[in-house]
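Chemist: Kindly generate the corresponding structure for this input.
(2 chains)
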Amino acid sequence: MSDEGGVQASPESGRARHREPRRPAGRGLLVVLAVAAVVLAAGGTASLVAGDRSLTAGGAATGPKAAATQEPTSSPVAPSSTAPSAAAERGPAAADATPTATPTASSPATSSADAAVPGPVGTVPRSDAPDPVSLRVPAIDVDLSSLDSLGVADDGTIEVPEDPDDAGWLTASAAPGRTGPAVIAGHVDTRDGPAVFARLGELAPGDEVVVGLEDGTTVAYVVTGSETYPKTDFPTERVYGPAPAPVLRLITCGGDFDRSVSSYEDNVVVYAVLAA
Amino acid sequence: MTAEPTPRPSRRPTRFVALLAAVALALVTVPVAAASAAAPAGDPAYLRPAHLVPELGAMDVRLAPFADEGEGVAAEDRPLLETTAAYGAVGEYGAMPPGRYAVTLRPAGAPVSDPPLLSLTVDLEAGQAYTAAGLGSKDDPRLELLEDDLTPPGDGQSRVRLLAASAAAPVVDVEAVDGPVLGTDVALGTPTSYESAPVGPWTVRATGDGADGTTDLVLDSGSVYTLLVLDGDGDDLVVRPVVDAVGAGTTPQGGAATGFGGTAGEGRTPWWIGAGVLLVLGTVALAAGAVVRSRPWARSTARHVAG
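Modeler: Next up, the predicted model:
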């Protein structure tokens, strides 16, 4: 599926993204068990435990104490000081900080992902329904007055918003309110603190999600469920596959964070259907 | 799938680590299996009505939950779906709680107290899509629950099934002009299975029994369609595309890279560090235990320290 690799920028698209290698799930669990066993077994071997802590601190940008106090909050995170690591590798084109629907001329292979522009022979324009421009999820204090446009990267993965405070709509997915899955993705955190979808996993059945469209109308959805999947076993069919009615999927990261590859092990997907 | 630490020469740590790995494997397997389940809890079932019996008048269609499980009677006084459908009509999908329902068909305007012309008991599953369709001929109509396909088409493909519902041409051939043959000898009232069809704008032609008809339509990437062949005026046939389901036009592969770890908290060291520390500590603990057991003076020393 995706190549092995760490953080990587996508200069030609102007949108930051990073690829994450596939890896077995559950390593974090093993670590938890191992640490528990250490605590039980080690007793007075304090020096070795301290050694473990130093390893932890070495791997993380934040020390244990700082991390422990970083509960998710709704307070905004300054993008400049918490820029994703991918930003460091941004190409010149990334100066265009405002994602638009402009097709990527250099990559015809993925241009069919673009909603507004007729594709090459063999593809057809998708519905010219109004694009989504805002997102409100009251239960987790998300209130965005703009949405990025996300495409499919050359390596086949979904592009993710450059700014951790933004969420983005996958332009190859259904327009909100129209038949099919509308997909909106956002970061769970930056390197230093919470991002726009930090609390996505808190959403419960019945919670409301409202998407505003460029024509001024809104589409109200109601959450039906929230699932966590290992990235190595992402349910592509369930999330992106055909749906008989207008549905919404909100995607972010979850599970344990593997610092050795700078990647969360899981994705959280919230499912919603049109409000009655 | 579970990363297993390299066994050490010492016998007991090896066994311990193996046990640990087995426990971890067992715990990990459960959520992975759950993740593969078809539909998360809370997903509705989707159902739409269709009247595809040529020469049969408009029908009232009702979908009502059974008052009781099992052999109970449908509560038709509180239907979840109630609509009047003329020949050729296919309704929008409605979201229904999964469960058992009765579908009834009566001539339009007939009171609910009348026995239905046709009725059917259906079990609707979460996340699935269905068409409750009146099929067949005027003299031999039947009510059938069709399962509508939600399988993703391949890249640049759509999925199409054919449903012949024409009295003028009980058996039809359907093709895309300058494109693929979509079906031959498609019989009245018997839907074909879904097949991949190349996306694009097409002129689709249906022919049979000297009747024919063409329709311009667009098949979108990632979407699923039913093409109806209906009676038109005289010997004309009408090909009507119905959207069954819409998927992403381009399907991203794998998960989304939507986090940088700033709120991940502590303790998520790479697994091999934890495993390595465990191995070292286990070895030390066992060695210490052996030493304690083999030297009586150690016990008194320990007691002395404790006191």
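Chemist: beta partners of residue B:65?
Modeler: Listed by DSSP bridges, the beta-bridge partners for residue B:65 are residue B:101.
Chemist: In this model residue A:257 seems to touch residue A:263, though I could be wrong.
Modeler: Yes: counting by Cβ atoms under 8 Å, residue A:263 sits close enough to residue A:257 to count as a contact (7.3 Å). Glycine gets a C-beta too; all of them are placed from N, C-alpha and C.
Chemist: joint contacts of the two?
Modeler: In terms of Cβ atoms under 8 Å, 6 or more residues apart in numbering or on different chains, residue A:263 and residue A:257 are both contacted by the residues residue B:259.
Chemist: Could you list the low-pLDDT ranges of the stretch 101-250 of chain A?
Modeler: Across the stretch 101-250 of chain A, the ranges flagged by pLDDT under 70 are A:101-127.
Chemist: Could I get the buried residue list for stretch A:129-144?
Modeler: Residues of stretch A:129-144 classed as buried: A:129, A:130, A:131, A:132, A:133, A:134, A:135, A:136, A:137, A:140, A:142, A:144 (neighbour count, 16 or more other Cβ atoms under 10 Å in any protein chain shown).
Chemist: Let me know whether that stretch sits next to chain B.
Modeler: No: using Cβ under 8 Å from any Cβ of the partner chain, we find that stretch A:129-144 stays clear of chain B, coming within 10.8 Å at best.
Chemist: List of residues touching that stretch?
Modeler: Surrounding stretch A:129-144, the residues in contact under the criterion Cβ under 8 Å, 6+ apart are A:74, A:101, A:115, A:145-147, A:149, A:166-167, A:169, A:171, A:175-178, A:182, A:184, A:196-197, A:199-200, A:202-204, A:207-215, A:217, A:219, A:250.
Chemist: Quick check: end-to-end length of that stretch?
Modeler: Distance between the boundary residues of stretch A:129-144 (Cα to Cα, to the nearest Å) amounts to 20 Å.
Chemist: can you check stretch A:135-148 too?
Modeler: Distance across stretch A:135-148, first residue to last, is 11 Å (Cα to Cα).
Chemist: what's residue B:280 sitting at in phi/psi?
Modeler: The main-chain torsion angles of residue B:280 are listed as degrees, to the nearest 10 and equal phi -60, psi -50.
Chemist: For residue B:183, give the beta-bridge partners.
Modeler: Each beta-bridge partner of residue B:183 is listed here: residue B:174, as defined by DSSP bridges.
Chemist: Next one: it from residue B:194, what distance?
Modeler: When distances are taken as Cβ to Cβ, to the nearest Å, residue B:183 and residue B:194 turn out to be 11 Å apart.
Chemist: right, is stretch B:137-154 up against chain A?
Modeler: Yes: counting by Cβ under 8 Å from any Cβ, contacts between stretch B:137-154 and chain A involve B:148, B:149, B:150, B:151, B:152, B:153.
Chemist: Out of these, who's the most crowded?
Modeler: Greatest neighbour count in the residues of stretch B:137-154 next to chain A, by other Cβ atoms under 10 Å in any protein chain shown, goes to residue B:153: 28 neighbours.
Chemist: Which residue, neighbours along the chain excluded, lies closest to that one?
Modeler: residue B:159 (4.6 Å; Cβ to Cβ, 6 or more residues apart in numbering or on different chains).
Chemist: what's the answer for residue B:152, then?
Modeler: In space, residue B:152 comes closest to residue A:241 once its chain neighbours are excluded; the distance is 4.3 Å by Cβ to Cβ, 6+ apart.
Chemist: for the one you found, what are its contacts?
Modeler: For residue A:241, the residues meeting the contact criterion (Cβ under 8 Å, 6+ apart) are A:181, B:150, B:151, B:152, B:247, B:248, B:251.
Chemist: Give me the phi and psi angles of it.
Modeler: According to degrees, to the nearest 10, the main-chain angles of residue A:241 amount to phi -70, psi 170.
Chemist: How about residue A:238?
Modeler: Summarising the backbone geometry of residue A:238 under the convention degrees, to the nearest 10, its torsions are phi -70, psi -40.
Chemist: Going by residue numbers, what spans are helices in the chain?
Modeler: Since no chain was named, I'll use chain A. Assignment of helices within chain A using DSSP state H yields the ranges A:27-42, A:46-59, A:64-68, A:236-240.
Chemist: you looked at the wrong chain, it should be chain B
Modeler: Using DSSP H, the helices of chain B run over B:11-35, B:271-294, B:296-306.
Chemist: Mind telling me which of the ones you listed the model trusts least?
Modeler: Looking over the helices of chain B, mean pLDDT reaches its minimum on helix B:296-306, with a mean of 43.
Chemist: Tell me where the stretch 151-276 of chain A has strands.
Modeler: Counting by DSSP state E, counting those that start in this stretch, the stretch 151-276 of chain A has strands at residues A:167-170, A:180-186, A:208-213, A:218-230, A:246-258, A:263-274.
Chemist: Serialize the ones you listed to a markdown table and add fields for mean neighbour count.
Modeler: As requested, the strands of the stretch 151-276 of chain A are exported to a markdown table (neighbours: other Cβ atoms under 10 Å in any protein chain shown):
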| stretch | mean neighbour count |
| --- | --- |
| strand A:167-170 | 29 |
| strand A:180-186 | 27 |
| strand A:208-213 | 20 |
| strand A:218-230 | 20 |
| strand A:246-258 | 25 |
| strand A:263-274 | 25 |
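Chemist: Including distance to residue A:156, could those go into JSON lines?
Modeler: Output for the strands of the stretch 151-276 of chain A, formatted as JSON lines (distance: least, Cβ to Cβ, whole Å):
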{"stretch": "strand A:167-170", "distance to residue A:156": "13"}
{"stretch": "strand A:180-186", "distance to residue A:156": "15"}
{"stretch": "strand A:208-213", "distance to residue A:156": "26"}
{"stretch": "strand A:218-230", "distance to residue A:156": "17"}
{"stretch": "strand A:246-258", "distance to residue A:156": "15"}
{"stretch": "strand A:263-274", "distance to residue A:156": "15"}
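Chemist: Let me have these in JSON lines, extended by distance to chain B.
Modeler: Below are the strands of the stretch 151-276 of chain A laid out as JSON lines (distance: least, Cβ to the nearest Cβ, whole Å):
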{"stretch": "strand A:167-170", "distance to chain B": "7"}
{"stretch": "strand A:180-186", "distance to chain B": "3"}
{"stretch": "strand A:208-213", "distance to chain B": "14"}
{"stretch": "strand A:218-230", "distance to chain B": "4"}
{"stretch": "strand A:246-258", "distance to chain B": "3"}
{"stretch": "strand A:263-274", "distance to chain B": "4"}
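Chemist: who wins for proximity to residue B:199 among those strands?
Modeler: With Cβ to Cβ as the measure, strand A:180-186 is the member of the strands of the stretch 151-276 of chain A nearest residue B:199 (14.6 Å).
Chemist: Would you mind getting the angle between that closest one and strand A:246-258?
Modeler: For the pair strand A:180-186 and strand A:246-258, the angle between their directions (axes from the mean of the first three to the mean of the last three Cα atoms, to 10 degrees) equals 30 degrees.
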